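*Asks:* sequence plus predicted model, see below.
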Amino acid sequence: MAVPEDESWLDDDAGRLVRPYTVSNGRTRPTNKLDLLSMVMATGRLPQAHLDPDHAQALDLCHNPTSVVEVAAHLRLPAVVTKVLLSDLVDCGAVTTRDPSPAADPTDRFVLEALLDGLQRRL
Amino acid sequence: MAYNDGSELFPTAIKLLIAGGFGVGKTTFVGSVSEIEPLTTEELITEASIGTDSLAGVENKSTTTVAFDFGRITIDPRHVLYLFGTPGQERFWFMWDELSNGALGAVVLADTRRLDACFEAVDFFERRGIHFLVAVNEFNHAYHYEPEEVRAALHLKPHVPVVLCDARDSRSATSVLVSLIQHLLVATMSSNSA
Ligand SMILES: Nc1nc2c(ncn2[C@@H]2O[C@H](COP(=O)(O)OP(=O)(O)OP(=O)(O)O)[C@@H](O)[C@H]2O)c(=O)[nH]1
Ligand SMILES: [Mg+2]
C-alpha cells in the first residue's frame, strides 16, 4: 500500500493537523490527555484531508460513544498508541471526548444507586 | 458553525477492579458478568522506581508493557460500568496508577488453596484507600472455609465484607458486584454522617 511520505494534513484555519503514517509515528504522548476510560465519539465532522487507515479505523469505532480502552482492544493496538490516534482525531475535530474523572467519585450516591439498581436487575 | 460537543450524549464510565493472585479466576469473573466477550489490550507503564531486585538488568526508569482484560456492563443510558481484571503479574499493576486511579471499588478474588496470593491486593487497596470486598472463588475440591476464617487468615478489618462465589456463574459473580456496591453505599453514608 502506498504510504504518504512526509505529507502533513492541512486545514485552512488550523494549519498542520495530523502527522503522517506509521500509526502514531513513534509518538507515545498524545496532545490531549486521554484516560483509558475517557469517552470518545465521532462528531460527524470529517477532516478535509484524507485519513490514513489507522486513523480511519479508529474513527470508525467511535460512531457511538465508547471508551478509549475499547477502541484500543478492537484496533489490537496498545492503549498508548490508540490514545495518540484518538488525540489526533480530537485535534482535527473528528472526535469529541469527555474525561471520566468527575464521575469516578466513590461517594456519589446517585451513581452508586444507579449501579445497584442496574446490577440487581441482572440477577 | 456549531458542532455538538457531545457531552450530553456521553454516558458516565465507571471503573471497578477485579484483583487477586495469579490464576484465581479474574478473567473468568469478568467474562461471567460482562455483556461483551472480555477484551484485552495492553498499556505502557513508565515507572521510575521499579525494584531492582525484582527485575534484574532493567534500569531504574523503565517502560513495561502490561496486558490486561476488561468487560463492560451497560447499567442504563447514563452509566456504563467497566470491569478491569488486573494483570496476573502483580508487581506490574501495583505500579500502575492509571489502573487504580478513579476506581470506584475493587473485588479481591481469593482462592482458598492459595489464600496468601491475595495478600498483596488487600494491602494495596488498603493503602490506597480504595474500598473493596473479598470474594472467595470456590474451586471444586478446594478446602471449604467459612467467611470468618478467611477474614481471620487475611487480617481483614471488620467492615470489609467477605462473600463466597463461583466466578464461572454469571448470577453468582453479579451478586458479588451487588455486595460491593452495597458496601460502597454504606461507606458513603457513614462518612457523610461522621
Ligand atoms: N473449578 C473452577 N474453576 C475455575 C473457577 N474460576 C476459574 N476457574 C478456572 O481456573 C483457571 C484460571 O482462571 P482465570 O479466570 O484465567 O484466572 P485469572 O485470575 O484471570 O488468571 P491470570 O490472569 O493468569 O492471573 C481457568 O482454567 C478457569 O476455567 C471456579 O470458580 N471453579
Ligand atoms: Mg486473567
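*Replies:* Structure's in. What do you need? Ligands and ions are numbered 1, 2, ... in the order given.

*Asks:* name the element the residue nearest to the spatial centre of chain A belongs to?
*Replies:* Chain A has A:L86 as the residue nearest its centroid, 3.2 Å off, counting by C-alpha atoms, centre = their mean. Per DSSP states H and E, A:L86 falls inside helix A:79-91.

*Asks:* next one: B:T74
*Replies:* strand B:62-76.

*Asks:* where do the strands sit along chain B?
*Replies:* B:12-20, B:39-47, B:62-76, B:79-85, B:103-111, B:132-137, B:162-165 (DSSP state E).

*Asks:* CSV for those strands, including distance to A:N32, mean pLDDT and mean neighbour count?
*Replies:* Using the backbone N, CA and C atoms, a C-beta is placed for each residue, glycine as well. Converted to CSV, these look like this (distance: least, C-beta to C-beta, whole Å; pLDDT from 0 to 100; neighbours: other C-beta atoms under 10 Å in any protein chain shown):
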stretch, distance to A:N32, mean pLDDT, mean neighbour count
strand B:12-20, 16, 93, 27
strand B:39-47, 17, 80, 18
strand B:62-76, 21, 88, 18
strand B:79-85, 20, 94, 24
strand B:103-111, 22, 94, 26
strand B:132-137, 32, 97, 26
strand B:162-165, 39, 96, 20
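
*Asks:* quick one: closest of these to ligand 1.
*Replies:* Evaluated with C-beta to the nearest ligand atom, the strands of chain B place strand B:132-137 nearest to ligand 1, the distance being 4.7 Å.

*Asks:* what lies in contact with that closest one?
*Replies:* The contact list for strand B:132-137, computed with C-beta atoms under 8 Å, 6 or more residues apart in numbering or on different chains, reads B:19-20, B:24-25, B:29, B:105-112, B:118, B:121-122, B:125, B:145, B:147, B:150-151, B:154, B:156, B:160-167, B:176, B:179-180, B:183.

*Asks:* list the beta-bridge partners for the nearest residue to A:L86 once chain neighbours are set aside.
*Replies:* Distances taken as C-beta to C-beta, 6 or more residues apart in numbering or on different chains place A:V40 nearest to A:L86, at 5.6 Å, with adjacent residues excluded. Beta-bridge partners recorded for A:V40 (DSSP bridges): A:T66, A:T97.

*Asks:* test my guess that the residue nearest to the centre of chain A contacts A:P30.
*Replies:* Yes: between A:L86 and A:P30 there is a contact under C-beta atoms under 8 Å: 7.2 Å.

*Asks:* whichever residue of chain A sits closest to ligand 2: which element?
*Replies:* Closest to ligand 2 within chain A is A:A73: 14.4 Å, counting by C-beta to the ion. If you go by DSSP H and E, A:A73 is part of helix A:68-75.

*Asks:* now do that helix against strand B:62-76, angle only.
*Replies:* Calculated by axes from the mean of the first three to the mean of the last three C-alpha atoms, to 10 degrees, helix A:68-75 forms an angle of 100 degrees with strand B:62-76.
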